[in-house]
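Visitor: Just a sequence and a predicted model for now, questions to come.
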Amino acid sequence: MLFSYNADLLPQVRMMGQIRYSEPWLHFSRCINEWVLYVIRDGNLYLQEDGVRYHLAAGDFFLLEPGLTHEGYQRSACDYYYVHFSHPDMGRMGDETAAMAALADKRRKSLTSYNLDPEDPTDPITYLPKQFHLTGGEFKAELRHAVEVYDSREEHYKRRTSTLLHSFLLETAHENLLAHSRSPGKRIRKSDVMAEKLLRYVNQNYTRRLTSRDIEEQFEGNFDYLNRTFAALTGSPVFTYINILRINNAKQLIATTDLPFSEIGYLVGVEDRYYFSKLFRKMTGMSPSDYYKEVRSK
């Protein structure tokens with residue numbers, strides 16, 4: 001089961017904390033008009049919600065829905081975090097297959113987007129799982145910090161706690177998407193993994209001189225093959241994509257600084273000032289000087 005979650009809006013935390021039952025305990029029966037998140041640190045929790053039974057173990061993330069009765073059906077020792085919160089735009093998803101496909105498409109769009117654009121490249125809707133197993137122990141530190149902020153009762157403590165919860169929920173949605181892409185029956189192509197790694201490498205290194213040989217050595221593969229997989233992901237061959245990055249960043253520098261064009265070219269990875277002017281004109285349809293005049297006139 002999935003819940004749609006509008007990431008432009010913060011949840012409103014009402015109550016948060018950690019409970020430790022060292023002796024077997026049975027969860028009480030309750031119906032409450034807010035979301036309740038349980039994240040199990042240790043032990044087991046046996047819950048029934050709206051007639052459906054769930055077994056939660058260490059590392060499990062679980063969302064209880066507003067307006068549905070939940071209660072325990074078996075005693076057990078348990079150590080868990082709990083969060084009671086509301087959200088103005090969160091609810092059950094109908095077509096879960098379509099939702100995960102849409103989220104995967106948003107991830108691809110984000111991976112290939114230009115990071116200095118003022119707007120997020122995708123709409124704000126993501127999808128949270130009802131139950132999900134969190135890997136690693138980082139979630140314990142994140143939620144412990146949120147509980148510490150909540151317990152401090154200092155100015156804006158609920159806003160700060162809500163922000164921390166928001167970040168945690170978005171990370172869980174992301175981890176669920178990755179787990180879904182690796183689920184049985186879904187074959188992950190080696191070329192897709194390689195293309196994403198190459199994309200990250202290019203995004204981090206486009207300001208230095210890169211050659212096909214550099215890329216072959218870095219990824220221990222044939223450049224033509226790597227270039228094809230990269231173009232399938234981004235829509236552009238490697239060096240076209242690199243030039244797009246360089247000129248987009250050059251446009252930012254021209255619009256916001258009075259640096260010489262030769263220095264701007266150097267900063268974005270084009271050391272030859274004549275080639276920088278030629279490339280800038282090719283990518284934008286105008287010279288750096290004309291672009292400078294246009295943006296400053298506005």
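Guide: Yep, that arrived. Numbers count the residues shown, from 1 in each chain.
Visitor: Residue ranges in this structure under the pLDDT threshold?
Guide: 183-188 (pLDDT under 70).
Visitor: the helices in the stretch 1-150 of the chain, which residues?
Guide: Secondary structure of the stretch 1-150 of the chain (DSSP state H, counting those that start in this stretch): helices at 96-111, 138-152.
Visitor: Pipe these into a markdown table and attach distance to Arg296 and mean neighbour count per row.
Guide: C-beta here means a position set from N, CA and C on the backbone, and glycine is covered the same way. A markdown table is the format used below for the helices of the stretch 1-150 of the chain (distance: least, CB to CB, whole Å; neighbours: other CB atoms under 10 Å):
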| stretch | distance to Arg296 | mean neighbour count |
| --- | --- | --- |
| helix 96-111 | 32 | 14 |
| helix 138-152 | 45 | 16 |
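Visitor: pull the longest helix from this protein.
Guide: In the chain, assigned by DSSP state H, the helix with the most residues is helix 157-181.
Visitor: Export the helix or strand following it to CSV, keeping only CA atoms.
Guide: Remark: after helix 157-181, the chain's next helix or strand is helix 190-205, criterion DSSP states H and E. Taking C-alpha atoms only, helix 190-205 is exported to CSV below (Å, rounded to 0.1, in the frame of the first residue of the first chain):
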residue,chain,number,x,y,z
LYS,A,190,24.1,-2.9,-16.0
SER,A,191,24.1,-0.2,-18.6
ASP,A,192,21.5,1.9,-16.6
VAL,A,193,23.7,1.6,-13.4
MET,A,194,26.8,2.6,-15.4
ALA,A,195,25.0,5.6,-17.0
GLU,A,196,23.9,7.0,-13.6
LYS,A,197,27.5,6.6,-12.3
LEU,A,198,28.9,8.4,-15.3
LEU,A,199,26.3,11.1,-14.9
ARG,A,200,27.3,11.8,-11.3
TYR,A,201,31.0,11.7,-12.4
VAL,A,202,30.4,14.3,-15.1
ASN,A,203,28.3,16.6,-12.9
GLN,A,204,31.1,16.6,-10.4
ASN,A,205,34.0,17.0,-12.8
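Visitor: and the next helix or strand after helix 190-205, how far from the chain's centre?
Guide: Following helix 190-205 in sequence order, the next helix or strand is helix 212-219 (DSSP H and E). Offset of helix 212-219 from its chain centre (CA atoms, centre = their mean, to the nearest Å): 28 Å.
Visitor: Which strands and helices lie in contact with helix 212-219?
Guide: Using 3 or more CB pairs under 8 Å, 6 or more residues apart in numbering; DSSP states H and E, the elements in contact with helix 212-219 are helix 190-205, helix 223-234.
Visitor: that older thread, could you give the angle of the longest helix of the chain to helix 138-152?
Guide: Relative orientation of helix 157-181 and helix 138-152, computed by axes from the mean of the first three to the mean of the last three CA atoms, to 10 degrees: 170 degrees.
Visitor: tell me, what residue is most central in this protein?
Guide: For the chain, His174 is the residue whose C-alpha lies nearest the centre (CA atoms, centre = their mean; 5.2 Å).
Visitor: Next, format the helices and strands packed on helix 212-219 as TSV and append mean neighbour count.
Guide: Converted to TSV, these look like this (neighbours: other CB atoms under 10 Å):
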stretch	mean neighbour count
helix 190-205	15
helix 223-234	17
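Visitor: now these in JSON lines, with distance to Lys130?
Guide: Output for those, formatted as JSON lines (distance: least, CB to CB, whole Å):
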{"stretch": "helix 190-205", "distance to Lys130": "28"}
{"stretch": "helix 223-234", "distance to Lys130": "31"}
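Visitor: Of those helices, which is nearest Leu116?
Guide: Proximity to Leu116 (CB to CB) singles out helix 190-205 among these, at 11.6 Å.
Visitor: Okay, angle between the closest one and helix 96-111 too, please.
Guide: Interaxial angle, helix 190-205 versus helix 96-111 (the same axes, to 10 degrees): 40 degrees.
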